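**Student:** Next one to model:
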Amino acid sequence: MNMGKPNDYYKIITILQQLKTAYPNYNMGRHIATALDEYGDVWGLSDREIVFALEKYKAELDLDVPHTDDVELEKIIKDGMDLENILKEEDEDC
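**Tutor:** Residues are numbered from 1 along each chain as shown. Prediction:
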């Protein structure tokens, strides 16, 4: 094993290991498919391009704020269905 500067192949493996640790409920296929989705045909991608895509994907996941429960989501949906009344109340307040 090369103990010098990590090459792109090693970086890919490292990022996938970090993703597995940080997001154990996501399988590797999901990580790879999502990270490379915008590239279409991945056969011709260089290792460097894959590193870039995985790093970008990981950064996006790390920035995403997880929702702790479905109650918050249900409230958003309920409020959206009642949008007419909410807008009406705002008009009355003005």
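**Student:** from here on, contacts and neighbour counts on C-alpha atoms
**Tutor:** OK.
**Student:** So for stretch 7-26, what gets flagged as buried?
**Tutor:** Within stretch 7-26, the residues scored as buried using 16 or more other C-alpha atoms under 10 Å are 8, 11-12, 16, 19.
**Student:** Closest one to Leu63 out of these, please.
**Tutor:** Leu19 (13.4 Å; C-alpha to C-alpha).
**Student:** and the closest one, what pLDDT?
**Tutor:** According to the prediction, Leu19 has pLDDT 96.
**Student:** So what's the residue count around the nearest residue to it once chain neighbours are set aside?
**Tutor:** Computed as C-alpha to C-alpha, 6 or more residues apart in numbering, the closest residue to Leu19 that is not its neighbour in sequence is Lys58, at 7.1 Å. For Lys58, the neighbour count with other C-alpha atoms under 10 Å is 19.
**Student:** Just the pLDDT at Thr14, thanks.
**Tutor:** Note on Thr14: pLDDT of 96.
**Student:** Max pairwise distance over the buried residues of stretch 7-26: which two?
**Tutor:** Among the buried residues of stretch 7-26, Asp8 and Leu19 lie farthest apart (C-alpha to C-alpha), at 16.3 Å.
**Student:** give me the element the residue most central in space within the chain is part of.
**Tutor:** Nearest residue to the geometric centre of the chain (C-alpha atoms, centre = their mean): Leu61, 3.5 Å. Applying DSSP states H and E as the criterion places Leu61 in helix 47-63.
**Student:** Go through that helix and flag the buried ones.
**Tutor:** Buried residues in helix 47-63 (16+ other C-alpha under 10 Å): 50-55, 57-58.
**Student:** Looking at those, which is nearest Thr34?
**Tutor:** Tyr57 (7.6 Å).
**Student:** Could you export the helix holding Leu61 as CSV, CA atoms only?
**Tutor:** The C-alpha trace of helix 47-63 is given here as CSV (Å, rounded to 0.1, in the frame of the first residue of the first chain):
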residue,chain,number,x,y,z
ASP,A,47,-11.2,9.1,-10.2
ARG,A,48,-10.7,12.8,-9.6
GLU,A,49,-14.2,13.6,-10.9
ILE,A,50,-15.6,10.9,-8.6
VAL,A,51,-13.8,12.4,-5.6
PHE,A,52,-15.2,15.8,-6.4
ALA,A,53,-18.7,14.4,-6.8
LEU,A,54,-18.5,12.5,-3.5
GLU,A,55,-17.1,15.4,-1.6
LYS,A,56,-19.8,17.7,-2.9
TYR,A,57,-22.5,15.1,-2.0
LYS,A,58,-21.1,14.6,1.5
ALA,A,59,-21.0,18.3,2.1
GLU,A,60,-24.6,18.6,1.0
LEU,A,61,-25.6,15.8,3.4
ASP,A,62,-23.6,17.3,6.2
LEU,A,63,-25.4,20.7,5.8
